[in-house]
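Participant: Structure, please.
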Amino acid sequence: MSLALALKTRDVADLPGKRHEDWRWTDLRGLIRVLPEPSAPVSGDLGAGPFDGLAERVLTVANGRDEQTISVGAGETAAVALRILGRGDGAHAAGVRIEVAEGGRLTLLESYEGEGGYLAQTSLAIHLAAGASAERIVLADEGPDAVSVSHAEVRLAPGASFAQTALVSGGRRQRVETRVTHPGGHAALRLDGVYLLADKRHADLTTVVTHEGLDGTTEQLTKGVVRDQARGVFQGRIVVAEGADRTDARMGHHALILSDRAEVDAKPELEIYADDVSCAHGNTVGALDEDALFYARQRGMPEADARALLTEAFIGEVIDRIGHEGVREAVRAWAAERLRA
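Facilitator: Numbering: from 1, shown residues only. Coordinates of the predicted model:
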């Protein structure tokens, strides 16, 4: 069951729902009773994306398109902005294939931008060859009525390095899912996330990492801030297969709930079938530190500014891990704007 299948068959029975374990908190079958008609083509000026000035190449996918390809050759370095746009109230799907050859380096700046109540599926296939590296920044900033799913399948070769930071502001339903096949062989993986949710927005960050070989590392840190009647979902699963000895895998999820009616559902999981491993996970959900808030207000800082400052510091640990300096500053400004709204 998947949104992609439902869009192909036009049968709501193929939508994932709460009976599917990975979708129980992001129930599309219960939400969507009738699939909308296919989205109309988008024409006219599409404006600038949030990362256009930071990339050498911009690829725009508006209201779905046939599969697009981004290729980085052996030993090459590239920065590509990938804009996924949705307009109107229709349904659409898009596919993107990303290949980084041996020794290549890619900075992928991926944004989701939308207006309207559309239903959208974006499928990405990402493959890194031996010794290749990629940093993927996902900024999902869509309208409150959008239902959007981004699904990425990542395959790493030995010696590859993949780093990801996904930042989301939610929608009617918004899900960014990343599944990684990790070969070991000293390949390195970082999977980070930030969700900043207000009003009645819903965001779901789901990750699955499968370690299949010796000597692999995974590091994962996700932080969220939820207020009003918003709902944040984090699902992270790391599987260490039999024989994947000397795996080092660590996962952390931490969230702040800033109102009584906001909600966070979190499910960090480790499945370990090997013996000689170093694995750990942590999960906390709570409120702002009242002592720190009191300390700031005692020094004359208005309460709203004090709360924004503390929440910016809370998520700043994740943003600071972004390798590209220009992107890091752009993301920091985006987050500050939403936290102070």
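Participant: Please report the distance of residue 58 from residue 80.
Facilitator: From residue 58 across to residue 80, the span is 8 Å (C-beta to C-beta, to the nearest Å). In short, each C-beta sits where N, CA and C put it, glycine included.
Participant: When those two are compared, which one has more neighbours?
Facilitator: When residue 58 and residue 80 are compared on other C-beta atoms under 10 Å, the one with more neighbours turns out to be residue 80, at 19 against 15.
Participant: Identify each buried residue in the lengthiest helix in the chain, please.
Facilitator: For the chain, the helix reaching the highest residue count under DSSP state H is reported as helix 303-319. For helix 303-319, the neighbour count (16 or more other C-beta atoms under 10 Å) marks 306-312, 314-315, 318-319 as buried.
Participant: try stretch 186-195
Facilitator: Under the neighbour-count criterion of 16+ other C-beta under 10 Å, stretch 186-195 has 187-195 buried.
Participant: Also stretch 226-234?
Facilitator: 226-227, 229-234.
Participant: what's the answer for stretch 15-27, then?
Facilitator: Using 16+ other C-beta under 10 Å as the test for burial, stretch 15-27 gives 15-17, 22-23, 25-27.
Participant: now swap in stretch 262-269 and tell me
Facilitator: 262-264, 266-268.
Participant: residue ranges for the helices of this protein, please.
Facilitator: Ranges of helices in the chain, per DSSP H, are 3-9, 290-298, 303-319, 325-339.
Participant: and the angle for the longest one with helix 325-339?
Facilitator: Helix 303-319 runs at 150 degrees relative to helix 325-339, counting by axes from the mean of the first three to the mean of the last three C-alpha atoms, to 10 degrees.
Participant: Please save the CA atoms from helix 303-319 in PDB.
Facilitator: Written as PDB, here are the backbone C-alpha positions of helix 303-319 (Å, rounded to 0.1, in the frame of the first residue of the first chain):
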ATOM      1  CA  GLU A 303       8.500  36.500  27.000                       C
ATOM      2  CA  ALA A 304       7.800  35.900  23.300                       C
ATOM      3  CA  ASP A 305      11.500  36.800  22.400                       C
ATOM      4  CA  ALA A 306      12.700  34.600  25.300                       C
ATOM      5  CA  ARG A 307      10.700  31.600  24.100                       C
ATOM      6  CA  ALA A 308      11.900  32.100  20.500                       C
ATOM      7  CA  LEU A 309      15.500  32.400  21.600                       C
ATOM      8  CA  LEU A 310      15.300  29.200  23.600                       C
ATOM      9  CA  THR A 311      13.600  27.200  20.800                       C
ATOM     10  CA  GLU A 312      16.100  28.500  18.300                       C
ATOM     11  CA  ALA A 313      18.900  27.300  20.500                       C
ATOM     12  CA  PHE A 314      17.200  23.900  21.000                       C
ATOM     13  CA  ILE A 315      17.000  23.200  17.200                       C
ATOM     14  CA  GLY A 316      20.300  24.900  16.500                       C
ATOM     15  CA  GLU A 317      22.200  21.800  17.400                       C
ATOM     16  CA  VAL A 318      20.800  20.100  14.300                       C
ATOM     17  CA  ILE A 319      21.200  23.000  12.000                       C
END
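Participant: Spatially central residue in this structure, please.
Facilitator: residue 166 (3.4 Å; C-alpha atoms, centre = their mean).
Participant: ok, now how distant is that one from residue 174?
Facilitator: Remark: distance between residue 166 and residue 174 (C-beta to C-beta) = 11 Å.
Participant: Overlap of the contact sets of the two?
Facilitator: Here residue 166 and residue 174 have residue 140 as joint contacts, going by C-beta atoms under 8 Å, 6 or more residues apart in numbering.
Participant: Could you give the number of residues near residue 69?
Facilitator: For residue 69, the neighbour count with other C-beta under 10 Å is 11.
Participant: Once you drop chain neighbours, what's closest to it?
Facilitator: Sequence neighbours aside, residue 97 is the residue nearest to residue 69 in space, at 4.8 Å (criterion: C-beta to C-beta, 6 or more residues apart in numbering).
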